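Next one to model:
(chains A and B)
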Amino acid sequence: AQTVTQSQPEMSVQEAETVTLSCTYDTSENNYYLFWYKQPPSRQMILVIRQEAYKQQNATENRFSVNFQKAAKSFSLKISDSQLGDTAMYFCALGRTGANNLFFGTGTRLTVIP
Amino acid sequence: DAGVIQSPRHEVTEMGQEVTLRCKPISGHNSLFWYRQTMMRGLELLIYFNNNVPIDDSGMPEDRFSAKMPNASFSTLKIQPSEPRDSAVYFCASSLTGLGTEAFFGQGTRLTVV
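Next comes the predicted model:
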């Protein structure tokens, strides 16, 4: 079975500061992908960043980076230089081998404070 | 491409009525997913199709829910009869088949059953 856990229902950060969102997961697969999706108030789900499980190097996309700890099954998202537009729900998701449906965590609501 | 298009964006219906949600995936994508989002349960996969064929419908809550994909450019999710507990946001997403490919989401349909 696949599970994704986000233990922080809500977080806040001052504009321009750095914030880290936590995610842990469980899977019996050896080959899988991990994703962070952002859902702003518009409701649109937007891919933020993606990590291949077989890669040791942490993925980075501009101000967004991940800390992927495969042995610990941990996949945290770091947002640097937070901007007001980063205010959204953030979902961690796991994609498994043999199918490309995603398993989502329950989300973390991030508020960037001006 | 206009992205994944869902209609309607909002639907209010009375308990017992039939509801049909519609989705047009991104052209060329061969996987299509229906998700349901609620506060209590987060994002749940209801069903997904690959090349218009239902692959996994284990997330469909009960027989009142049915989904079809008559061709590569159109899918429907039907609830008959609807109940108040079906109130949620329903997302359609599409992707190319393959592990790690990004799922592109529509803007969702907010269903309210009164």
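
Does the lowest-mean-pLDDT helix or strand in chain A pack against any helices or strands, and if so which?
When the helices and strands of chain A are scored by mean pLDDT, DSSP states H and E, strand A:102-104 comes last with a mean of 88. With contacts taken as 3 or more Cβ pairs under 8 Å, 6 or more residues apart in numbering or on different chains; DSSP states H and E, strand A:102-104 sits against strand A:3-5, strand A:88-96, strand B:42-50. For glycine as for every other residue, the C-beta is placed from the backbone atoms N, C-alpha and C.

helix, strand or coil for the closest residue to B:Gln37 other than its chain neighbours?
Using Cβ to Cβ, 6 or more residues apart in numbering or on different chains and skipping the chain neighbours, the partner closest in space to B:Gln37 is B:Val89 (4.5 Å). Put simply, B:Val89 is strand when judged by DSSP: H, G, I helix; E, B strand; the rest coil.

Tell me where chain B has strands.
B:5-7, B:10-13, B:19-24, B:31-38, B:42-50, B:53-56, B:65-71, B:74-79, B:88-95, B:104-105, B:109-113 (DSSP state E).

between the last one and strand B:19-24, how big is the angle?
When you say that, I think you mean strand B:109-113. Angle of strand B:109-113 versus strand B:19-24, following axes from the mean of the first three to the mean of the last three Cα atoms, to 10 degrees, is 180 degrees.

Equivalent analysis for the fourth one, please.
Between the direction of strand B:31-38 and that of strand B:19-24, the angle (the same axes, to 10 degrees) works out to 140 degrees.

Chain B contacts on chain A?
A:31-33, A:35, A:42-47, A:50, A:52, A:91, A:95-107 (Cβ under 8 Å from any Cβ of the partner chain).

mind running it again at 7 Å?
Contact residues, chain A versus chain B (Cβ under 7 Å from any Cβ of the partner chain): A:31, A:33, A:43-45, A:47, A:50, A:52, A:91, A:95, A:97, A:99-102, A:104, A:106-107.

Which among those count as buried?
Buried members of the residues of chain A next to chain B, counted by 16 or more other Cβ atoms under 10 Å in any protein chain shown: A:33, A:43-45, A:50, A:52, A:91, A:95, A:100-102, A:104, A:106-107.

from the residues you listed, which has minimum pLDDT?
Here the lowest pLDDT out of these sits on A:Asn100, with 62.

Bridged to the closest residue to A:Gln8 other than its chain neighbours, which residues?
Leaving out its chain neighbours, the residue that sits closest to A:Gln8 by Cβ to Cβ, 6+ apart is A:Thr108, at 4.8 Å. Beta-bridge pairing for A:Thr108 (DSSP bridges): A:Tyr90.

Extract the residue ranges of chain B that are flagged as low pLDDT.
B:1, B:98-100 (pLDDT under 70).

who in it is up against chain A?
Proximity of chain B to chain A (Cβ under 7 Å from any Cβ) is limited to residues B:31, B:33, B:42-43, B:45, B:48, B:55-56, B:89, B:91, B:95, B:97-103, B:105, B:107-108.

related to what we said a few turns ago, list the contacts of the residue nearest to B:Gln37.
A:43, B:37, B:108-110 (Cβ atoms under 7 Å, 6 or more residues apart in numbering or on different chains).

do you know how far it is from A:Lys78?
28 Å (Cβ to Cβ, to the nearest Å).

Can you report how many residues neighbour residue 74?
All of this is about chain A. Neighbour count of A:Ser74, defined by other Cβ atoms under 10 Å in any protein chain shown: 15.

wait, chain B
By other Cβ under 10 Å, 14 other residues sit near B:Phe74.

Appreciated, that's everything.
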